[in-house]
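Engineer: Predicted model and sequence below, questions to follow.
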Amino acid sequence: MRLIIVTGMSGSGKTKALDILEDNGFYCLDNLPVKILPEFMNMILRLDDFSNKVCITVDVRNSEMSAGALRTLTSLSKLVSLKIIFLDCDNSVLMKRYKETRRLHPLMMSDNKLDLTQAIEQERKILEPIKSKADYIIDTSLLTTGDLKAKINEFLPEGDKPGLTLAFTAFGYKYGIPADCDVVFDVRCLPNPFYIEELRTKTGEDHEVRDYVMSCPESQELFDRITAYLDSAIPMYEREGRSQLVVGLGCTGGQHRSLTFAILLAERYKEKGFAASAFARDSERNVRKYL
């Protein structure tokens with residue numbers, strides 16, 4: 001089992017880091033007390049169906065953030081593969097973030113005599129021992145969320161880095177464009193199987209419909225143009241740090257042409273090694289009307 005401890009300065013982005021690691025398939029827990037970590041890990045090691053990738057955030061609210069914490073983490077390294085990510089940040093940036101969010105620093109909650117500057121400095125001293133043992137230190141002062149994701153992905157083994165997930169959604173324009181689409185292609189310009197009586201109640205999931213739609217030269221040309229665009233755009237989305245791209249394919253009812261394209265595109269990108277799926281949002285609405 002692999003365990004990643006995410007720790008660092010309050011306000012440096014630990015919650016964002018936890019979200020990123022959760023997207024990478026880690027089972028994540030926020031701010032588990034250090035002293036119960038060994039008991040927790042021993043418990044889940046006995047579970048056959050528990051995730052083999054666990055991430056836990058630890059911060060200055062833990063009263064054990066001291067030499068005792070290091071001893072605990074050292075003992076954990078004998079049970080599991082342990083790595084520590086420490087998020088750091090400039091004092092001035094931390095102060096700005098606290099002022100923008102109007103939240104109190106955790107140490108100010110336990111000691112109302114501290115001002116923000118004193119709380120940040122005291123936290124640095126408390127965390128210095130664990131920072132010195134960190135496997136990876138990330139300064140988040142100038143990082144966007146996308147930058148932080150890229151930094152964390154640099155740290156992870158290649159097998160833990162998720163590729164871009166592609167979702168091809170077929171929809172009918174008469175029911176509206178799905179709100180979650182990142183890119184939308186209109187295929188209403190293609191021949192409509194609705195006007196072929198024996199195909200009217202079928203959908204793009206039926207090979208007869210797909211054969212009819214793709215028998216038109218214009219269909220193949222449009223399909224090739226869509227794939228050419230996606231082939232060039234997908235690497236840019238990946239560099240941006242996106243984890244999912246939702247591609248909408250729209251025809252009149254979302255039953256024939258759009259679903260044909262959604263299925264064929266999903267098949268094509270599965271063959272290229274992507275996690276790709278096709279979804280039919282509206283086809284059942286139409287079929288119910290025709291029956």
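Structural biologist: Structure received.

Engineer: quick one: the strands in the stretch 151-291 of the chain?
Structural biologist: 165-172, 183-186, 244-251, 275-280 (DSSP state E, counting those that start in this stretch).

Engineer: Show residues contacting the first one.
Structural biologist: Under the contact criterion Cβ atoms under 8 Å, 6 or more residues apart in numbering, strand 165-172 has outside partners 177-178, 180-181, 204, 234, 243-255, 258-259, 261-263, 265-266, 269, 274-283, 285-286. Heads up, the C-betas are built off the backbone N, CA and C, glycines and all.

Engineer: got TSV for the strands of the stretch 151-291 of the chain, with mean neighbour count too?
Structural biologist: TSV is the format used below for these (neighbours: other Cβ atoms under 10 Å):
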stretch	mean neighbour count
strand 165-172	24
strand 183-186	16
strand 244-251	23
strand 275-280	19
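
Engineer: got CSV for those strands, with mean pLDDT and distance to residue 14 too?
Structural biologist: Output for the strands of the stretch 151-291 of the chain, formatted as CSV (pLDDT from 0 to 100; distance: least, Cβ to Cβ, whole Å):
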stretch, mean pLDDT, distance to residue 14
strand 165-172, 93, 25
strand 183-186, 98, 33
strand 244-251, 94, 23
strand 275-280, 92, 28
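
Engineer: closest to residue 12 out of these?
Structural biologist: Smallest distance to residue 12 across these (Cβ to Cβ): 26.2 Å, for strand 244-251.

Engineer: Mind giving me the packing neighbours of the closest one?
Structural biologist: For strand 244-251, the elements it packs on are strand 165-172, strand 183-186, helix 217-239, helix 257-271, judged by 3 or more Cβ pairs under 8 Å, 6 or more residues apart in numbering; DSSP states H and E.

Engineer: Pull the distance from it to the chain's centre.
Structural biologist: 18 Å (Cα atoms, centre = their mean, to the nearest Å).

Engineer: That strand versus helix 217-239: what angle between them?
Structural biologist: Angle, strand 244-251 to helix 217-239, by axes from the mean of the first three to the mean of the last three Cα atoms, to 10 degrees: 160 degrees.

Engineer: how close does residue 40 sit to residue 21?
Structural biologist: 17 Å (Cβ to Cβ, to the nearest Å).

Engineer: rewinding a little: just so I know, which of the helices and strands packed on strand 244-251 lies nearest residue 27?
Structural biologist: strand 165-172 (19.3 Å).

Engineer: still on that earlier bit, and residue 40 and residue 21? Which one has more around it.
Structural biologist: residue 21 (26 against 16; other Cβ atoms under 10 Å).

Engineer: Could I get the full set of helices for the chain?
Structural biologist: 14-23, 37-45, 67-76, 91-101, 106-110, 116-132, 145-155, 207-214, 217-239, 257-271, 283-290 (DSSP state H).

Engineer: out of those, which comes closest to residue 6?
Structural biologist: helix 14-23 (5.0 Å).

Engineer: what comes into contact with the closest one?
Structural biologist: 4, 6-8, 28, 30, 55, 57, 59, 85, 87, 145, 148-149, 152, 162, 243.

Engineer: Just the buried ones among these, please.
Structural biologist: Neighbour-count burial (16 or more other Cβ atoms under 10 Å) applied to these gives 4, 6-8, 28, 55, 57, 59, 85, 87, 148-149, 152.

Engineer: coming back round to it: can you lay out the helices and strands packed on strand 244-251 as CSV showing distance to residue 114?
Structural biologist: Listed next are the helices and strands packed on strand 244-251 as CSV, based on distance: least, Cβ to Cβ, whole Å:
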stretch, distance to residue 114
strand 165-172, 45
strand 183-186, 50
helix 217-239, 42
helix 257-271, 54
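
Engineer: Having no further points to raise, I will conclude here.
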